[in-house]
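Asks: No letters, just coordinates:
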């Protein structure tokens, strides 16, 4: 956990490492965290919006619509068929109280807090030896953004425009900074030099 008033920046997981983590967590019986990381990486939602999801929104659904808590804006999310299968498998393993139940419920029967999830993510980083600096709830949203950008690298400007819209950023410059691209571009300048 960070100190009060300190500034920490979440890092992103490489996509392959994130997908392997989802599989390992499921295999190890940690269905809640497997599902949390999958939803975060595939939806690109803020943690507050993920924690407010209910099973009837995502189970056996191809898409759903939410009103984002932070922005108040309506957002429709399409659910990837592979993710649909994972959601269904996690539902069977978790056995929630009903379809209207919250998706991410702790052993105490309450929805996880953001603080508790951040602690768990730091434990997972250590246990699974993840290659990430600061691993927090926001890392999942950044992982989504980085993967969308990387998959559309042949038209990176279009990818940035799409992400700007999805993230509700006011400019492409903010999206670039958010994804850490601006710093990377600046540091790559040094690699252009030759001896």
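Replies: All right, it came through fine. Model, not experiment: these values are computed from the prediction.
Asks: Please parse the protein into its domains.
Replies: Listed by automatic domain parsing, the domain ranges of the chain are 15-139, 152-191.
Asks: so which of these is the most packed in?
Replies: Among the domains of the chain, judged by mean count of other Cβ atoms under 10 Å, the one packed with the most neighbours on average is domain 15-139 (a mean of 16). C-beta: built from backbone N, CA, C; applies to glycine.
Asks: one step back: which one of the domains of the chain lies nearest to residue 9?
Replies: domain 15-139 (6.3 Å; Cβ to Cβ).
Asks: how distant is stretch 50-64 from the center of its chain?
Replies: With Cα atoms, centre = their mean, to the nearest Å as the basis, stretch 50-64 stands 15 Å off its chain's centre.
Asks: What of stretch 90-108?
Replies: 19 Å.
Asks: Please enumerate the strands of the protein.
Replies: Using DSSP state E, the strands of the chain run over 63-67, 74-78.
Asks: what's the least confident stretch among those strands?
Replies: Note on the strands of the chain: lowest mean pLDDT is at strand 74-78, with a mean of 91.
Asks: which residues of this structure score low on pLDDT?
Replies: For the chain, applying pLDDT under 70 flags the ranges 1-8, 182, 184-189, 191-195.
Asks: all helices in it, in order from the N-terminus.
Replies: 15-27, 31-43, 47-51, 55-58, 81-94, 114-127, 137-151, 156-167, 172-179, 181-191 (DSSP state H).
Asks: re earlier: can I get the strands of the chain in CSV including distance to residue 130?
Replies: Formatted as CSV, those follow (distance: least, Cβ to Cβ, whole Å):
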stretch, distance to residue 130
strand 63-67, 28
strand 74-78, 25
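Asks: Of those strands, give the one that comes closest to residue 34.
Replies: strand 74-78 (18.7 Å).
Asks: The closest one - which strands sit beside it in the sheet, and in what orientation?
Replies: Partner strands for strand 74-78, per DSSP bridges, with pairing direction: strand 63-67 (antiparallel).
Asks: now the angle between helix 31-43 and the partner strand, please.
Replies: If you take axes from the mean of the first three to the mean of the last three Cα atoms, to 10 degrees, strand 63-67 sits at 90 degrees to helix 31-43.
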